[in-house]
Structures are given as structure tokens and as C-alpha cells.
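Student: Have a look; sequence and predicted model below, questions after that.
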Amino acid sequence: MVQCVSILGSTGSIGRQTLDIVDNLQIPVAALTAGTNAERMAQQCRKYRPRLAVMATEDAAEKLRNAISDLPTKVLWGEEGLIAAATVQEADCVITAVMGMVGLKPTLAAIAAGKRIGLANKETLVCAGELVMAAVKRHNVEMIPVDSEHSAIFQCLMGNSRKREIKRIVLTCSGGPFFGMTPEQLQTVTKADALRHPNWKMGPKITIDCATLMNKGLEVIEAMRLYDLPLEQVDVVIHRQSIVHSMVEFVDGAVMAQLGSPDMRLPIQLAMTYPERMECPVEGLDLLTCGSLTFAEPDMEAFPCLALARKCAKLGGTACAAMNGANEEAVARYLDDQIGFYDIYRLVSNAVDAVPLITEPTLEEILEADRLARQAVREMLP
């Protein structure tokens, strides 16, 4: 079990649930980071007394500094602050719960510093998976996924990790709030509808990604990187109940699955206690009351973002970074009521086509592909 933790993105949904686990395990906190919610960060600083607190902007940092001026906590801001939090000496584990490409450089810094990574920032592996996993191997650190699906795979492979024995990984997908709807019906859905996830409580960006199935596309790419498998060995099935969190099929035909209540605190805790398991503040799964478990094929005509993600995974190189950057930009515009539901796919697909493909990119070229894709989306807006 880890001895001290740094949490990147502590005021968000995953970050707050991570602090629930910190309370359960009674682990000290060395650093906390957030976006602009200085009020919530101030409350967290007073409770956990981190050595370092980091905000996204200088204004937010100043608000926090004034709010906790009586505490010894040092306040920083921006990318340099994130990297400082990711490498703070006391922490032996970094939970990366920030959203988007902003998590890439701090994660690489934490790896170089020899920290265990509890990875909840899927964009890190989507955009720069080859570079990140090479760094994990080079520095001999543990990267333990926090996403429920990838944690499930991780658990299924505990003691069964020989790649030659894996036939395929099967990622389960709730189908989001619009499962079963036709493309014609999806033309009229509202943002409020899209934000009503049937099973999970998450932040707005990831909830919209679940509605478009882009989130599952990102997870396909993440699985390829984490487990060094080709696209053909990573499948997706719709599982409305979110009880089976994912499965691994082995070459002899055996299938192993991880089941549990739809509560992110279970995978978060495992990332901190591995290889041990401990009591967790999560309601246990009751097989007699959870209902029937069903599985279906995803509809990639109604939800083309999943097909687009698989296309980018096949292309490799900077295609995934361009897709992710364009998606972040498009979803932000959707949440700001500037575009419609299907405009997300249209803008992302066109942006991917607009950004030149580099097959073996450097970190700088990955970041440039991200920038160009965001710019392409902005230029396509009215």
C-alpha cells in the first residue's frame, strides 16, 4: 500500500472520491491540484493540510492564497505547479484525475520521479501512449488504471498477464443515456438529456463523451497502450447494467470478468492498496437483486464517434492526439450551447482529416497535433 499521495484534480468527481478513499485508508496527502474552484480547494486544504496546492490560473491561485493564508500550504498555479505536485518528494503515488491533455506532462514527470501512477486521465495514453508506456518501462514504475473498465481488465490479468494467452479484451459500455435511439431521434436530443447518465455520476465532459460513445473509443485506445495489444484484440459490448466492468477472453476460451457495484471508489482504492485488498466504503454487489445482465453490439451508425476512434487507433501516430484535442474543443462548445449533438462528431472528424498525420511523433509533435486540431474546430464554427 502507498504511504502518501498527491492528487491531480482533487476538486472534480474522481478527485473527491479519491479523498473518500484517503479518509478510509488514513493516508496523508502531499499535494492537491484543481482548476478554478478556489473555495472547494480551500476546504480541502484545511482538512488535509497538503504541503502544496495548485490552481489552473493565477487568479484562482491568488484567491486560494488569501483563503488559506494562515496555513503553511504553498500555493502555485499552471503547468509548472502541476508538475511540482506530480513530483513532490513525500508522495509515492500520484492519482492523475485531471481532465484532458493537461495531464500529459505532469504524468510523464511523475513517472520520471519514480511515482506509482493511479491513472484516471485517459487522454495521457490516448495521445501519447507509446511515449508514456516506454517511460513506465524505462523508470520501472507501476501504472495502475483507475477507470472502472481498465481496472477490471487489470484485475482479470492479475496472475494471467502473459500476452500470448490473451485472445481479446472486451470493454463493457453502458450505452449512455441514448442507447437504442436512431440517428433521426438523436438529432433532437438536448444537452440536459445528454448529461443524464443512467449509472455513473461524473463530470460534464466525460458524461457527454459517454453519450456520444467517444469515451468508449478513448478507452479502446487506452487499452491498446496499457496492454500492448493491437486494435483487433480490443472489442466493445453494450452492458446497460454496469455490473460487469470488463472482461478478458483467453486463447483457451475461458473468459474472466470483474463484477461490482458502479462505484469508482473501488478501483481508486485498489490503485493505492495494490497488491493488497482492503475494506472499502462501497456497497457490495448483491447478485440476487442486481437484476439480469444483458449484452448487445454497439450501434456505430447512430454513434459514429466510436467508429472514428477505432479509425484513429488504426492510423496511430498523431491521429489519436488530433481526435482527442478536437473532441475536447467540440464538447466544450456543446456544453456552452454553441453546437448540436451530432456537430461533435462532424467537427472532430473534419479536424482529424485537417491535421497532418505523423506516424512516429515526438512529444512536441503530439502537442502540436493537439493544438492544430483545436484550432481546426474553432475555424469550422460559425
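Tutor: Now that the structure is in, tell me what you want to look at.

Student: got the contact list for N350?
Tutor: 376, 380 (Cβ atoms under 8 Å, 6 or more residues apart in numbering). In this view, the C-beta of every residue, glycine as well, is placed from N, C-alpha and C.

Student: In CSV, list the C-alpha atoms belonging to the helix or strand containing it.
Tutor: According to DSSP states H and E, N350 maps onto helix 341-354. In CSV, the C-alpha atoms belonging to helix 341-354 read as follows (Å, rounded to 0.1, in the frame of the first residue of the first chain):
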residue,chain,number,x,y,z
PHE,A,341,-25.1,16.8,-30.6
TYR,A,342,-24.1,15.4,-34.0
ASP,A,343,-21.9,18.5,-34.6
ILE,A,344,-19.5,17.0,-32.1
TYR,A,345,-18.7,14.1,-34.5
ARG,A,346,-18.7,16.3,-37.6
LEU,A,347,-16.2,18.8,-36.1
VAL,A,348,-13.9,16.1,-34.7
SER,A,349,-13.9,14.0,-37.9
ASN,A,350,-13.2,17.0,-40.1
ALA,A,351,-10.4,18.2,-37.7
VAL,A,352,-8.7,14.8,-37.8
ASP,A,353,-8.7,15.0,-41.6
ALA,A,354,-7.3,18.5,-41.4
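
Student: average model confidence for that helix?
Tutor: Helix 341-354 carries an average pLDDT of 98.

Student: Could you pull up phi and psi at V5?
Tutor: phi -130, psi 150 (degrees, to the nearest 10).

Student: what number of residues lie near it?
Tutor: As a burial measure, V5 scores 29 neighbours (other Cβ atoms under 10 Å).

Student: same thing with I358?
Tutor: 17.

Student: Does it belong to a helix, a strand or coil?
Tutor: For I358, the assignment made with DSSP: H, G, I helix; E, B strand; the rest coil gives coil.

Student: where exactly do the strands run in the stretch 201-350 of the chain?
Tutor: 234-238, 244-250, 255-259 (DSSP state E, counting those that start in this stretch).

Student: before we move on, what about the stretch 51-200 of the chain?
Tutor: 52-55, 74-77, 93-96, 116-119, 143-145, 166-173.

Student: any chance of these in CSV, plus mean pLDDT?
Tutor: Output for the strands of the stretch 51-200 of the chain, formatted as CSV (pLDDT from 0 to 100):
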stretch, mean pLDDT
strand 52-55, 98
strand 74-77, 98
strand 93-96, 98
strand 116-119, 97
strand 143-145, 96
strand 166-173, 97
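
Student: Need those strands in a markdown table (columns: mean neighbour count).
Tutor: Shown next, in a markdown table, are the strands of the stretch 51-200 of the chain (neighbours: other Cβ atoms under 10 Å):
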| stretch | mean neighbour count |
| --- | --- |
| strand 52-55 | 27 |
| strand 74-77 | 20 |
| strand 93-96 | 28 |
| strand 116-119 | 26 |
| strand 143-145 | 24 |
| strand 166-173 | 22 |
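
Student: G15: which of these is closest?
Tutor: strand 93-96 (7.6 Å; Cβ to Cβ).

Student: Quickly run through the sheet partners of that closest one, with directions.
Tutor: strand 5-8 (parallel), strand 116-119 (parallel) (DSSP bridges).

Student: As JSON lines, the ones you listed with distance to T188 would be great.
Tutor: Shown next, in JSON lines, are the strands paired with strand 93-96 (distance: least, Cβ to Cβ, whole Å):
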{"stretch": "strand 5-8", "distance to T188": "38"}
{"stretch": "strand 116-119", "distance to T188": "37"}
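
Student: Of all those strands, which one is nearest M101?
Tutor: The nearest among those, by Cβ to Cβ, is strand 5-8 at 13.1 Å.

Student: Please export the alpha-carbon coordinates of the closest one; PDB is fine.
Tutor: Output of strand 5-8 as PDB, limited to C-alpha atoms (Å, rounded to 0.1, in the frame of the first residue of the first chain):
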ATOM      1  CA  VAL A   5      -0.500  10.500  -2.200                       C
ATOM      2  CA  SER A   6      -0.600  13.500  -4.500                       C
ATOM      3  CA  ILE A   7      -4.000  14.100  -6.200                       C
ATOM      4  CA  LEU A   8      -4.100  16.000  -9.500                       C
END
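
Student: For it, which outside residues touch it?
Tutor: Against strand 5-8 from outside (Cβ under 8 Å, 6+ apart): 15, 18-19, 22, 27-33, 82, 85-86, 88, 91-98, 103, 106, 110, 115, 121, 272.

Student: same deal with stretch 87-95?
Tutor: 2-9, 14-15, 18, 28, 30-31, 51-52, 85-86, 106-107, 109-110, 112-113, 115-118, 120, 146, 268, 271-272.

Student: Please apply the same query to stretch 73-80.
Tutor: With Cβ under 8 Å, 6+ apart, stretch 73-80 has contacts from 45, 49-58, 60-61, 64-65, 68, 84-85, 102, 105-106.

Student: Also stretch 124-138?
Tutor: Residues contacting stretch 124-138 (Cβ under 8 Å, 6+ apart): 96, 101, 103-104, 107-108, 111-112, 117, 119, 143, 218, 221-222, 224-226, 228, 320-321, 323-325, 363, 366, 370.
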